[in-house]
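**Q** Can you look at this prediction? I've put the sequence above it.
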Amino acid sequence: MRRSTPRWLRVAAVGLAVGSLVVACSGRSTTGGSDGEVTLTINFWGDFGLQDLKTKYEADHPNVKIALNSGEYNAQHEDLQKKLIAGSGAPDIAAIDEGFIVQFRSQADKFVNLLDKDAGRYETNYLPWKWKQSLSADGTTQIGLGTDVGGLAMCYRTDLFAAAELPTARDQVSALWPTWEKFLEVGQGYTAKTGKKFVDNATNLFNPILGQQPVGFYDESEQLQMAGGPKVAFDFAVKAADAGLSANLTSFQADWDKGFTSGAFAVLPCPAWMLGHIQNTAPGTKGKWDIAAVPGGGGNWGGSFLTVPKQGRNVYEAYKFVEWLIQPEQQIEVFKKVGNLPSQPALYSDPAIAEYQNEFFSSAPVGQIFPRMAEGLTPQYFGRKNGPTRVAVENVINRVQNGTLTPDAAWAEAIKEAGKASR
Amino acid sequence: MPTTRAAPDPATRRPRPTPVRSSTWRDRLHRFDVRYVPYLLIAPFFLLFLVFGLFPMVFNGVVALRHWRLDDPELTGWAGTENFRRLLTDGDFGNALYNTSGIFLLSTVPQLLLALIIASMLNRRLRAQTWWRVGALLPYITPITASTLVFNVFFSRDFGMANWALGLLGIGTETPIDWRADKLHSWIAIATMVNWKWIGYNALLYLAAMQSIPRDVYEASALDGAGPWRQLWRITVPMIRPVVIFTVVLSTIGGLQLFTEPMLFDLNAQTARGGAGGEWQTVAQLIYKVGWKDLNLGYAAAMSWALFLIILVVAALNTLLTNRISGGRR
């Protein structure tokens, strides 16, 4: 999962539930005994597909209550960092995205070492790189267990494609854009024909293309490497913006969400976790979407880990819940519910995933599309300052889009802003 | 005899100490009452001020002289004046200061002028006087966050009422104004929110002051042929000068600390950037970003001290200026 804005109603309902839970339980024992009641708080962003699982777990464990706390992507990570330094206030379970994991695994002493909890036996279940991402540099501390991986694909609106006289079958659409250059041409054709914008936002081209590069913002010695991967992705994103393909809608904001329903854009690069957001945001567009291959081959964008901060009061119960969540049964249920692709490759051959077709996306075989992407992947190294650096560069792209920065001046500005964020 | 003589002795002696003792006790109580009780009564404020006002300020000053980064616990210790020296060359701080002064001018000046005019209108005989006065105060009691969210929709690029209204006048029909794209437009949008909220509040302050001006002054000036406009500037403003100065100082402090409106005007408030290029990032917002986003508390503390000094200087200048403008013509 990557960032996403929570749905208003759900959040309000969860907030109320959490509030009343906290009030109801505050007077009671918070130790992990079998007779006392514990409240586990779990912080994440967007939709981790936990609503039903929470109910189920609570029914099986009458002494455990679970408080779901969904927030904004960047804010949740910053908040966790503050609490770790302050020494108190962190949730029992904190989700961390791969874009931030290096920053936290370098503070491994602030998390429960899951290897001490015998989590080592799950190592072989995981994609090897996924297991390593949350392992401390010396290999002795595992701070988190992986939930999902991003994978990459391209979601598109079949109805809008038909209106622009483009093919609509997913194989034909994939064949339209073997490379990003071709993708740009298709987009220009679409915009010329319909007068509408092709993609939602140039930053959502920047991120997947960056994900396809061998080296991202930072190399393994923590040096900012703007001239490599970032330059390739940036140049293309600016080119697309300059060609007028972008609807210039800020991701995970109200206008962006409105864009899904109003057809403000026809394609959207979508990692597996994006499917849940589209379904939640624009239920009325069911059947109008389909999923094709992404130009440029494999790449990853997003994917999370569940960690147990040491300062939590219910470390024992927290780990038990995390362990339960990463079991195949629960992972498959999350996949079906919100699309998050498990990071345990053994599950990809499970018929429940392999044969799964998502009705919302014209019955696209998502159980085939995303695992293919995830298996043949060499993931990037993310530096400690990856999160803030990405926000800074995205902002420069946004300035090109709203016309306050010329494409020629943009790259120098991106280097400057990224340099500031890296300090 | 001894008994008769002895009898009054204790009697006269006994009552004597009693009044003496009670009078010293009363005396002490009285002295205590006069000397110390006032201090006791005003103590709660000063205790609270010590704990919540002075201590944070002093502590902030200490932090400003240190390295303190939450994301890098290793980097700690005294920084000396390094944080302050960094301020002088920090482009972001310069930009934020520029934005803050721009929005400050766009909001304070029209705000106080309009408040004066509205107050002088409310000061006349009107039908439904109370209704108008309550109406002027309504924006003030609306929570800032609520009104800002409404203004966000109002200034939306694609579906906003501001663009719709301008479109009726034939402005921006081709390409609607993107209120968040450049400095001037975003400043106007934010200044509008500030003005909307504070005009009524200031107007009521002015109105209260105006009601103490004797009517016959106006009657006399009317006989001399002074119109309403001339009366406002030559009589009303000079006569309510203390209140004018008070509102100027107050809105200087508020304007230079502007935070909520620019923060929530951002589409993704979490970035605390004030627009993609920091178009409307104010100093208060920058302090928040440096402290809680970049987790550099030492530098953020130095910024807040700098802002404190800037406010002191600007408020003093404004007071002088207002004093001259409203009273200097005597």
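**A** Yep, it's here.

**Q** Tell me, how many residues neighbour the closest residue to chain A within the stretch 1-150 of chain B?
**A** The stretch 1-150 of chain B approaches chain A most closely through residue B:70 (4.5 Å), counting by CB to the nearest CB. In this view, the C-beta of every residue, glycine as well, is placed from N, C-alpha and C. For residue B:70, the neighbour count with other CB atoms under 10 Å in any protein chain shown is 18.

**Q** what does residue B:168 give?
**A** Quick note: residue B:168 (other CB under 10 Å) scores 9 neighbours.

**Q** How about residue A:121?
**A** Residues near residue A:121, counting by other CB under 10 Å: 8.

**Q** likewise the one 3 residues further on?
**A** Taking other CB under 10 Å as the criterion, the count of residues near residue A:124 is 10.

**Q** can you pull the pLDDT of it?
**A** Residue A:124 is assigned 92 on the pLDDT scale.

**Q** if we can go back for a sec, ok, and the closest non-adjacent residue to the residue of the stretch 1-150 of chain B closest to chain A?
**A** In this structure, residue B:70 finds its nearest non-sequential neighbour in residue B:295, 3.7 Å apart by CB to CB, 6 or more residues apart in numbering or on different chains.

**Q** check contacts around the one you found.
**A** A:78, A:81-82, A:85, B:69-71 (CB atoms under 8 Å, 6 or more residues apart in numbering or on different chains).

**Q** and those residues, which two are the farthest apart?
**A** By the measure CB to CB, A:78 and B:69 form the most distant pair in those, at 13.2 Å.

**Q** Tell me which of these two has more neighbours.
**A** More crowded of residue A:78 and residue B:69, by other CB under 10 Å: residue A:78, with 22 against 16.

**Q** In a helix, the more buried one, correct?
**A** Yes. Residue A:78: assigned to a helix according to DSSP: H, G, I helix; E, B strand; the rest coil.

**Q** Would you map out the domains in chain A?
**A** Listed domain ranges for chain A are A:11-149+A:302-361, A:154-299+A:366-422 (source: automatic domain parsing).

**Q** May I see the buried residues of stretch A:83-95?
**A** Using 16 or more other CB atoms under 10 Å in any protein chain shown as the test for burial, stretch A:83-95 gives A:83-85, A:90-95.

**Q** quick one: which of the contacts of residue B:295 is nearest residue A:328?
**A** Nearest to residue A:328 among the contacts of residue B:295, with distances taken as CB to CB, is residue A:81, at 32.0 Å.

**Q** What strand or helix carries that closest one?
**A** helix A:73-86 (DSSP states H and E).

**Q** mean confidence score for that helix?
**A** Averaged over helix A:73-86, pLDDT sits at 88.

**Q** distance of residue B:67 from residue B:83?
**A** 8 Å (CB to CB, to the nearest Å).

**Q** Is residue A:43 part of a helix or strand, or is it coil?
**A** Going by three-state DSSP: residue A:43 is strand.

**Q** Now do the strands in the chain.
**A** Let's take chain A. Ranges of strands in chain A, per DSSP state E, are A:38-45, A:64-71, A:93-97, A:144-146, A:148-149, A:154-157, A:267-269, A:289-292, A:304-307, A:341-342.

**Q** Oops, wrong one, chain B.
**A** B:66-68, B:76-78.

**Q** one step back: take the contacts of residue B:295 and lay them out in CSV including distance to residue B:206.
**A** Formatted as CSV, the contacts of residue B:295 follow (distance: CB to CB, whole Å):
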residue, distance to residue B:206
A:78, 43
A:81, 48
A:82, 44
A:85, 48
B:69, 47
B:70, 46
B:71, 49
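
**Q** So for stretch B:49-63, what gets flagged as buried?
**A** B:60, B:63.

**Q** now stretch A:221-237
**A** Buried residues in stretch A:221-237 (16+ other CB under 10 Å): A:224-226, A:229-234, A:236-237.

**Q** residue contacts, the residue of the stretch 201-330 of chain B found nearest chain A?
**A** Going by CB to the nearest CB, chain A is nearest to residue B:276 of the stretch 201-330 of chain B, at 3.8 Å. By CB under 8 Å, 6+ apart, residue B:276 lies in contact with A:395-396, A:398-399, A:402, A:404.

**Q** likewise residue A:102?
**A** A:133, A:381-384, A:386.

**Q** returning to that earlier point: ok, of the domains of chain A, where does mean pLDDT dip lowest?
**A** When the domains of chain A are compared by mean pLDDT, domain A:11-149+A:302-361 comes last with a mean of 85.

**Q** Tell me the residues of chain B that contact chain A?
**A** Proximity of chain B to chain A (CB under 8 Å from any CB of the partner chain) is limited to residues B:70-71, B:73, B:92, B:156-158, B:178, B:180-182, B:267-268, B:270-271, B:273, B:276-277, B:279, B:292-295.
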